[in-house]
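# Take this sequence and fold it.
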Amino acid sequence: MGKLAPLTYTKITSGDNQPGSHNLTGGCADYMLELTDPVTVRARVYPNFAYDTASDQPIWSWYNDSNNYLTLLYDAGNDRYEVHWKDGGTERILEGDIYTDNSHQVWTDVDVVVDFANKQAALYLDRTSKDTAWSDTADAKGQNYPLFEIRGENGTEGDYKINHVRVFPSLEATAAQVANDYKSVKNEEIIWHFNGEGCGRTRVNVTRFVQNLYNEKSVENPADGAAGSNTCTVTLLSEGGEFADDQYAAFTPTSDQFNGTSSQKYMQNRCRLEVESWYNHVYDLVFTGRLDGNSFSRSSAAGQLQTVTITAEDLISDIARKFRRKAKTYEDYKLSDNEEDNSLVHAITRLATKDPVYNFLANSSFENATIGNSWNVYGTGATFTRQSGGLFGAYQGDLAYGSATCAIYQDINFNGTKKLNVGETWTFSMWLKSADACGHNINIEEWTIGAGASNDASSTVWSLSGGEGWDLWSVSHTITDSTSNRLRCLVWLNDNATLSMDGAMLVQNDRALNWFVLNNNDGASGVESADDADSDSYDSIGFDCDEVNITHPWALLPQGANVWKQLQLLGDAVGAMYIGLDESGTFKLRAKLKTGYTDPTSLETITDSQIAIIDTALEPTQANKIKVHGVKIKKHSNIVTLWNAAAAGVFGKGTGEIIAESVANGEDWPDDIVDSETNESRGETWAKYGEV
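A predicted model of the protein is given here:
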């Protein structure tokens, strides 16, 4: 994800039968997703505007500037869906049908297929082909387009409800694949479900390998009655070793190679699992979760095909693994409220689902005016300046070659609270651009502060052809020396060119993240403290919770508290009929104490003439009951004396009734109290409360 703006979601009601739990209804967002050649995109949209709207309404776009873009929109001048493409030359268009009334205001699947190399393209509405050729000879794709924007173009929002977006990188889909909803497509897919959150996730279709599937959804754990996670177990045929998680090959799903290289090993990282059920071109999510710790378990028997069994749990299992490192308090929060900032169920759940991402590099987007505070330049005649432009803000950093190999670098000191540890892996990444061909290395070095040389280093070669636009480069390094307390991040240039840079990130991770966090702090002389790292976070799950308009005056999550246990207690407090995740991976709360709750209406009214059919019998019963154990906390708006030294009666008084207590040289105050019976120290001082 890139510049993820605030997004608004609306819960899907029973009258709006769409996949998932929510629709995207407000805002637009940029994602770090390179426009590939070819590419296929599907968006399921509902226009909120009239057919003769006065302004263009974009659905999605790859936008660099006013001369370089690929955009799907509803064109206000022509009253139709159109695809616009321009790469520095002349804009070309794919055209849909012209609307003369508001018949466009229905849910519509809009598919766009583009092959830039062969200048081919197609536009489909609800799987029906509308245009299969650009309006004229199209521009060749000569630039990188690194940011994909949903529900907008260059910040201009389109007025749509969007249920989901699917992107198939490097796929030129056929008409048959579009008509079949891509069910037989093997290619990598990136999907945004928009179930109350804006994350896009990569997945591949493995239906062809599924031998059997077992899905279990439990309201409570049969063993102890506690609410638990839903599970799904799938047996996969693996005759050719497709799901052997200790075998490595480049990730090529079209060739049934899923694990990636030895440095990627995707199947060892608790993959997500999604199960869908399709009917009449619309899917329902049956299960959303992540593999448990057993990962891919192989089974081979004589004379039988090799199978792999995987078991996935929904994300309640991840929430249940989270414990509070520090105590957390909440004051005057409602038990459950649509305003998340005032809702206990949202706030506590976010403790486990909204982990921060830290960027340790200062002035990471070169927005701060004095660039030399955070970044140093090395090399005879080389200069490093802040210039207008950039990918993530209003500025970029430009390194101009001098007369020899040059570099820019920043040192991060880990001699405060944050330390370096042997075995940790760190990744430095930077977006680079140049009008001319150039290249060299991007490095991470580990140092001991004050030493004359690095203790160890890692390097990656980067190269640009010139003119292709922004490209992301990264290097990862694992700490090897226990004395290291500084990381140095460098970008080297070995050609007579000007190298533009933006979006610098240093993260404690084994790979670069598809997420940019702005650290707008300033260092001093190119040195910054790791303790000044800036962080940001994003939602990974959405919420579908009943409102319980009961204000909790004061709640405490002590150190070491289990987040899921606290949510279960909260469920008890609101009379939860269900608390956990639904099939879409959305956190769901249904409570009897919800605002406006009423008992269900009776199924039938019995009249006097029907009384003869009623048979009654007394049965011993027990009343339902709720026990509440707690401490009443009384809050005062006035000042209250908690302890009064004079009233304690253990101090002498001097002139003017001022407390006077003499302490001999070498003694302690207050004086230690000795038990008169055991002659042992109590190690404490007695006091008593007094009133003003």
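# buried stuff in stretch 330-344?
Residues of stretch 330-344 classed as buried under the neighbour-count rule (16 or more other Cβ atoms under 10 Å) are 330, 333-337, 343-344. For the C-beta atoms, the positions are set from N, CA and C on the backbone; glycine is no exception.
# what distance separates the start and the end of that stretch?
Using Cα to Cα, to the nearest Å, one end of stretch 330-344 lies 8 Å from the other.
# Name the surrounding residues that touch it.
Applying Cβ atoms under 8 Å, 6 or more residues apart in numbering, the set of residues contacting stretch 330-344 from outside is 345-347, 350, 543, 545-555, 557, 570, 573-574, 589, 591, 593-594.
# if we can go back for a sec, narrow the buried residues of stretch 330-344 to those in helices?
For these, the ones inside helices are residue 344, with DSSP state H as the criterion.
# Tabulate the buried residues of stretch 330-344 in JSON lines, adding columns for pLDDT and distance to residue 320.
JSON lines is the format used below for the buried residues of stretch 330-344 (pLDDT from 0 to 100; distance: Cβ to Cβ, whole Å):
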{"residue": "330", "pLDDT": "92", "distance to residue 320": "20"}
{"residue": "333", "pLDDT": "94", "distance to residue 320": "22"}
{"residue": "334", "pLDDT": "94", "distance to residue 320": "24"}
{"residue": "335", "pLDDT": "94", "distance to residue 320": "21"}
{"residue": "336", "pLDDT": "95", "distance to residue 320": "20"}
{"residue": "337", "pLDDT": "93", "distance to residue 320": "24"}
{"residue": "343", "pLDDT": "95", "distance to residue 320": "20"}
{"residue": "344", "pLDDT": "95", "distance to residue 320": "18"}
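# Which single one of the buried residues of stretch 330-344 is nearest to residue 12?
For the buried residues of stretch 330-344, the closest approach to residue 12 (Cβ to Cβ) belongs to residue 336, at 19.2 Å.
# Test of understanding: give the bridge partners of the closest one.
Here residue 336 shows beta-bridge partners residue 548, assigned using DSSP bridges.
# And it, how far from residue 178?
Counting by Cβ to Cβ, to the nearest Å, the gap from residue 336 to residue 178 is 42 Å.
# how about the helices in the protein?
175-179, 316-320, 344-353, 563-573.
# Quick one: closest of those helices to residue 531.
Across those, the minimum distance to residue 531, taken as Cβ to Cβ, is reached by helix 344-353, at 22.2 Å.
# so how far is stretch 274-286 off the chain centroid?
Using Cα atoms, centre = their mean, to the nearest Å, we find the averaged C-alpha position of stretch 274-286 to lie 24 Å away from the chain's own average C-alpha position.
# ok, now stretch 338-354?
Taking Cα atoms, centre = their mean, one finds the center of stretch 338-354 at 15 Å from the center of the full chain.
# same thing with stretch 457-471?
With Cα atoms, centre = their mean as the basis, the distance from the averaged C-alpha position of stretch 457-471 to the chain average is 27 Å.
# now do the same end-to-end measure for that stretch.
End-to-end span of stretch 457-471 (Cα to Cα): 23 Å.
# Buried residues, it. List them.
Neighbour-count burial for stretch 457-471 flags 457-458, 462, 464, 469-471 (criterion: 16+ other Cβ under 10 Å).
# Return the member of these nearest to residue 306.
Proximity of those to residue 306 (Cβ to Cβ) peaks at residue 458, which lies at 37.5 Å.
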